[in-house]
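Asker: okay, predicted coordinates and the sequence, questions at the end:
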Amino acid sequence: MGISLEFMSEKEQTAFERVKMARHPDRPYSMDLFEHMFTDFLEIHGDRRFADDMALVSGIAKLEDFEVVVIGQQKGRDTNQRRERNFGMPKPEGYRKALRLMNFAEKFSRPIITFIDTPGAYPGIDAEERGQAEAIAYNLREMARLSVPTIVVIIGEGGSGGALAIGIGNKVLMMENAVYSVISPEGCAAILWKDASQSERAANSLRLTAIDLEAFGIVDEIVPEKEFWKIEGEQQNGDLDVVTKSLKKALLKNLKKLSKTNKEDRKKLRQLKFRKMGEWLLSDTMTV
């Protein structure tokens, strides 16, 4: 994988540089991880209601001794793939396909691992007509009720409700150079300053990097990528085996811990985790 981004140390990387790395077409996508990290992967298609959404891939697989359900958003690397995958923006049938697999996992007591990589849910008229908002909201409710271990991994872009619709987990992991935000920097800049060219300023304000989100308690663990970006001459080259090894280790560690907890505790702790997000507390020195 040839990476054309200029190499920078971790301290030199701005929030917007992380955004560019998260969007880079040579980053590992969900299907890359399915093929390199899991065995016996069998893709499941369709939502049994309307169609098969190629922007969201799902199936059953094995991660060493764990039989799991995997769900991920999938972008494309060339023009034809991007068109086929709708640029990684799922429609309602994609989220309903994900829910179908989650219900399967619940029925057969299989852990769920989801991989987030989307600029957001598809906002087209056809998606709205088929209930885009309802499909996302329904997934949020049903994921909160799951009793099986659920792990979420943000591998690239995590955009708004389109990401959160498969993002309610007991543990939320995030790749070092991924981003996760309620809106894109360009969209934020267009709203706040009526100028999309202010996107770098917006990225800094959104606090969308893994380091920021771990500090806020929104993500539980950062998966390192330092060894993934190898410098050769003036370019960096990504070794997929390196990043999958790091991620696989983190997934197995969390699966082993979660498998030792009981069903009710998993539900309660997951719900508590997300209810705590966004709490605002007055300091002891403030007066009301």
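Answerer: Thanks, I have it.
Asker: just give me the longest strand of this structure.
Answerer: Of all segments of type strand in the chain, defined using DSSP state E, the longest is strand 150-159.
Asker: okay, buried residues for the following helix or strand past that strand please.
Answerer: Remark: after strand 150-159, the chain's next helix or strand is helix 160-164, criterion DSSP states H and E. In terms of neighbour count (16 or more other Cβ atoms under 10 Å), helix 160-164 has its buried residues at Ser160, Gly161, Gly162, Ala163, Leu164. C-beta coordinates here come from the backbone N, C-alpha and C atoms, glycine included.
Asker: circling back: so how far is the longest strand of the chain from its chain's centroid?
Answerer: 2 Å (Cα atoms, centre = their mean, to the nearest Å).
Asker: what strands flank that strand, and is each parallel or antiparallel?
Answerer: Counting by DSSP bridges, the strands paired with strand 150-159 are strand 112-118 (parallel), strand 171-175 (parallel), strand 179-181 (parallel).
Asker: before we move on, the earlier item: pLDDT and distance to Lys263 added to the buried residues of helix 160-164, as JSON lines?
Answerer: Output for those, formatted as JSON lines (pLDDT from 0 to 100; distance: Cβ to Cβ, whole Å):
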{"residue": "Ser160", "pLDDT": "91", "distance to Lys263": "30"}
{"residue": "Gly161", "pLDDT": "93", "distance to Lys263": "27"}
{"residue": "Gly162", "pLDDT": "94", "distance to Lys263": "29"}
{"residue": "Ala163", "pLDDT": "96", "distance to Lys263": "26"}
{"residue": "Leu164", "pLDDT": "95", "distance to Lys263": "23"}
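Asker: format the residues you listed as TSV; extra columns: distance to Gly131.
Answerer: Listed next are these as TSV, based on distance: Cβ to Cβ, whole Å:
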residue	distance to Gly131
Ser160	17
Gly161	13
Gly162	14
Ala163	18
Leu164	17
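Asker: same for the helix or strand Leu255 falls within, what does it pack against?
Answerer: Using DSSP H and E, the element containing Leu255 is helix 240-259. Under the contact criterion of 3 or more Cβ pairs under 8 Å, 6 or more residues apart in numbering; DSSP states H and E, helix 240-259 touches helix 30-37, strand 56-63, strand 66-73, strand 150-159, strand 171-175, strand 221-223.
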